[in-house]
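S.K.: Need coordinates for the below:
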Amino acid sequence: MLKSALRIVALATAVSTLAFAAQAKNPMVGGAAMYPTKNIVENAVNSKDHTTLVAAVKEAGLVSTLEGKGPFTVFAPTNEAFAALPAGTVDTLLKPENKAKLTKILTCHVVAADAMAKTVAKMIKADGGEHDIKTVGGCVLKARESMGKITLTDENGDVAHVTIADVKQSNGVIHVVDKVLLPKM
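M.R.: Presented below is the predicted three-dimensional model:
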């Protein structure tokens, strides 16, 4: 009986250690743990660095989409990235009459695929140093790699750097970026 109980304790310890190790590989974002068993929205709402993005996703009516099956790759701009836009831009975009424009901007950050950084890097290399990524919003982002870091250039020539890559979600992956990617308007 004691031997059986010890085996159960040992098995439970091994399982919890494996679960912790698997979870530990997923980066923290905005001071919050990102759980690969939760979807994009369930994780993003916990990041203190993405409150503006979450508010924008809610205002655009994209919550149910990003909670969906996916897979999705989201290039998630931080609050600082939104704050770097010209004064008043975010407030203007969050107005109901600008929902279509906000939706276009947000969907230019989403790809209908589960693209981990290693996969994107391989595509960049296969394409000779630059890979076009078509977003669900119809934008084309130019992906490049330099010194192991991926950058994305939007249709206006502005460059965003992936600052945290490969944040696995149950319905895809998030890559944190330091700039809002804008469509050509």
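S.K.: Who are the packing partners of the lengthiest strand in the chain?
M.R.: Longest strand in the chain, counting residues (DSSP state E): strand 159-169. Applying 3 or more CB pairs under 8 Å, 6 or more residues apart in numbering; DSSP states H and E, we find strand 159-169 packed against helix 40-44, strand 72-77, helix 117-126, strand 149-153, strand 172-177. The C-beta positions use only the backbone N, C-alpha and C, and glycine is treated the same way.
S.K.: mind putting the ones you listed in TSV, distance to residue 93, mean neighbour count and mean pLDDT included?
M.R.: Formatted as TSV, the helices and strands packed on strand 159-169 follow (distance: least, CB to CB, whole Å; neighbours: other CB atoms under 10 Å; pLDDT from 0 to 100):
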stretch	distance to residue 93	mean neighbour count	mean pLDDT
helix 40-44	18	23	93
strand 72-77	12	26	96
helix 117-126	27	15	94
strand 149-153	20	18	96
strand 172-177	17	24	95
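S.K.: and of those, who's closest to residue 165?
M.R.: helix 117-126 (4.0 Å; CB to CB).
S.K.: so residue 68 makes contact with residue 169?
M.R.: No. In this structure residue 68 lies outside contact range of residue 169 using CB atoms under 8 Å: 11.4 Å.
S.K.: returning to that earlier point: switch the helices and strands packed on strand 159-169 over to CSV; also include distance to residue 28.
M.R.: Compiled in CSV, those are given as follows (distance: least, CB to CB, whole Å):
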stretch, distance to residue 28
helix 40-44, 11
strand 72-77, 14
helix 117-126, 17
strand 149-153, 19
strand 172-177, 11
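S.K.: Tell me which of these sits nearest to residue 83.
M.R.: That would be strand 72-77 among the helices and strands packed on strand 159-169, by CB to CB, at 9.9 Å.
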